[in-house]
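Colleague: Task: produce atomic coordinates for the following.
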Amino acid sequence: MGMPFEREKLIRFHHCDPAGIVFYPQYFVLFNELVEDWFNHGLQQNYADLVYQQRLGTPMVKLQTEFLSPSQIGETLRLSLAVKKIGRSSLELEVNGTAGGTARVRAQLTMVLANVDRRRSVPFSDDLRERIEAFVVP
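Modeller: Okay, the predicted model is just below:
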């Protein structure tokens, strides 16, 4: 059984709306940063090399998000990413965000490994699949 990948993100001024709370589209930017961090640090796969050398990307094809409690500037948001399902070329991920012991956001993301030139899905390599499996959480 795997463990989630976790990262802390400081909520900055640019994340917030005029009320000083995270403007909801910014969560999607934070989710994408989390996925890139997971590739770079959790999967030991340089994300820039994946895109520019291997010509592969990880577009999100489905996002379901619940905004549970507002986050505000100066808080540290702890984001966790767990793999719920691995397909041939797709992943179902669960992301949870907490700050100060309070649940702030929860999301289910479906992403696909795709050739960025042909814009078609491609299967995960055996090596990458094996590294992803370390983050499968029931």
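Colleague: in the helix ranked longest in the chain, what counts as buried?
Modeller: In the chain, assigned by DSSP state H, the helix with the most residues is helix 24-37. For helix 24-37, burial by neighbour count (16 or more other C-beta atoms under 10 Å) applies to Gln26, Tyr27, Leu30, Phe31, Leu34, Val35, Asp37. Every C-beta, even on glycine, is put in place using the N, C-alpha and C of the backbone.
Colleague: Among these, list the two that are farthest apart in space.
Modeller: The two members of the buried residues of helix 24-37 with the most space between them (C-beta to C-beta) are Gln26 and Asp37, at 16.1 Å.
Colleague: Between the two ends of stretch 9-25, how far is it?
Modeller: 15 Å (C-alpha to C-alpha, to the nearest Å).
Colleague: in the protein, which spans are strands?
Modeller: Under the criterion DSSP state E, the chain carries strands at the ranges 5-10, 56-57, 60-67, 76-86, 90-99, 102-112, 114-115, 120-121.
Colleague: and those as CSV, adding mean pLDDT?
Modeller: Formatted as CSV, these follow (pLDDT from 0 to 100):
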stretch, mean pLDDT
strand 5-10, 98
strand 56-57, 96
strand 60-67, 97
strand 76-86, 98
strand 90-99, 98
strand 102-112, 98
strand 114-115, 98
strand 120-121, 96
